[in-house]
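In: Quick one: sequence plus predicted model below, questions after.
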Amino acid sequence: MWREIVELSRPKNVVLAAITVPLGAHLALGGVWSFQSLGLVALQTTSAICFIAAGNTFNDISDNTIDKVAKPHRPIPSERISIASATKVAYAFTLLSALCMASAIPFTDQPYPLIGIWSIAAILMYTYDAGPQTKRLGLTGNVSISLMVGAVIVYGASAVSMASTPIVLFAAGVAFFANLAREIIKDCEDMESDEGRNTLPMRIGLMNARAVAYVFILASMVTLGLAHLYGPFEYHQIVFHAPAIFILFSLNGPLFRGEDHSAQQSVRIGMLLGLVAFAVQVSVL
């Protein structure tokens, strides 16, 4: 059953959380760590990992009917784990996430941003699969997921009581726009199997949706540039972001050709390279 639990959590997404929470703290601290900050960030990284694992599990439970056709190999449609067991796993992950977050509060100088971000993310996660089910609303669901991705970086900074650090907010903006583009491209890729959803490609067509996705890719690069124009870095240091910029800027070709899977994978890689470049720049300042 452990294999199914790991598969439900979607390890690639979990790894992203394991990177971005410490990244947010690293940017906020300017690369200068203490033993206390290491402990606090470790707790909140664990909290974010469990939170994302819970969200992904709830999503698989909600998408069980669709996945029977689109992704029959997934743990639930393949009946390697029951819906009842998967639900218990999701709630266990949620509880662990809340406990890790709360356990750091007595040692955090400014706990309210930490609590606020976790609570808002919990609402976004719940409403994505239940209640209004924003995932069925296409772009609204895309925005919800992307807000959570950007918030993870700010969450890392809030772990060390520095949530409002400008470079952290710029990095979160880059992640938000890049992930929003990726979510739209994924909707283009999955349009044939997305029954019951009103996604952007369904509403405006595949090519128009891909064009909108590319606009958000450009927005992520503009935000990156603003981080150097108004942030703590010199503008010429944008060269650190050259690999990420090259990957993201060159996506107009694959998108025009309808290569949605490779395009959304490239967005993920470009986003990660861009965030790592932020961390490298802080370290060399």
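Out: The structure has been received and is ready for your questions.

In: What sits closest to G274 if chain neighbours are left out?
Out: A244 (3.7 Å; CB to CB, 6 or more residues apart in numbering). All C-beta spots, glycine's among them, are computed from the backbone N, C-alpha and C.

In: neighbours around the one you found, how many?
Out: By other CB atoms under 10 Å, 24 other residues sit near A244.

In: quick one: contacts for it?
Out: The contact partners of A244, by CB atoms under 8 Å, 6 or more residues apart in numbering, come to 224, 270-271, 273-274, 277.

In: Quick check: mean pLDDT of stretch 58-74?
Out: Averaged over stretch 58-74, pLDDT sits at 80.

In: let me redo that: stretch 91-100
Out: The predicted model assigns stretch 91-100 a mean pLDDT of 95.

In: What residues sit buried inside it?
Out: Applying a neighbour-count criterion of 16 or more other CB atoms under 10 Å, one finds 93-94, 96-98, 100 buried in stretch 91-100.

In: With stretch 203-218 instead?
Out: Buried residues in stretch 203-218, counting neighbours by 16+ other CB under 10 Å, are found at 206, 209-210, 212-214, 216-218.

In: In helices, which of the residues you listed fall?
Out: 206, 209-210, 212-214, 216-218 (DSSP state H).

In: P166 and E79: what is the separation?
Out: Going from P166 to E79 by CB to CB, to the nearest Å gives 50 Å.

In: Where does G274 fall, secondary structure wise?
Out: Using DSSP states H and E, G274 sits in helix 260-284.

In: got the contact list for that helix?
Out: By CB under 8 Å, 6+ apart, helix 260-284 touches 12, 16, 19-20, 23, 26-27, 30-31, 153, 167, 171, 174-175, 178-179, 181-182, 185-186, 188-189, 210, 217, 220, 224, 227, 233, 237, 240-241, 243-245, 247-248, 251, 254-255.

In: ok, now with 6 Å
Out: With CB atoms under 6 Å, 6 or more residues apart in numbering as the test, helix 260-284 has contacts from 23, 26-27, 30-31, 171, 174, 178, 181-182, 185-186, 188-189, 233, 237, 240-241, 243-244, 247-248, 251, 254-255.

In: Now restrict those residues to buried residues only.
Out: Applying 16+ other CB under 10 Å to the contacts of helix 260-284, the neighbour count classes 23, 26-27, 171, 174, 178, 181-182, 185-186, 188-189, 233, 237, 240-241, 244, 247-248, 251, 254-255 as buried.

In: Return the subset of the residues you listed lying in helices.
Out: Among the buried ones among the contacts of helix 260-284, the ones falling in helices (DSSP H) are 23, 26-27, 171, 174, 178, 181-182, 185-186, 188-189, 244, 247-248, 254-255.
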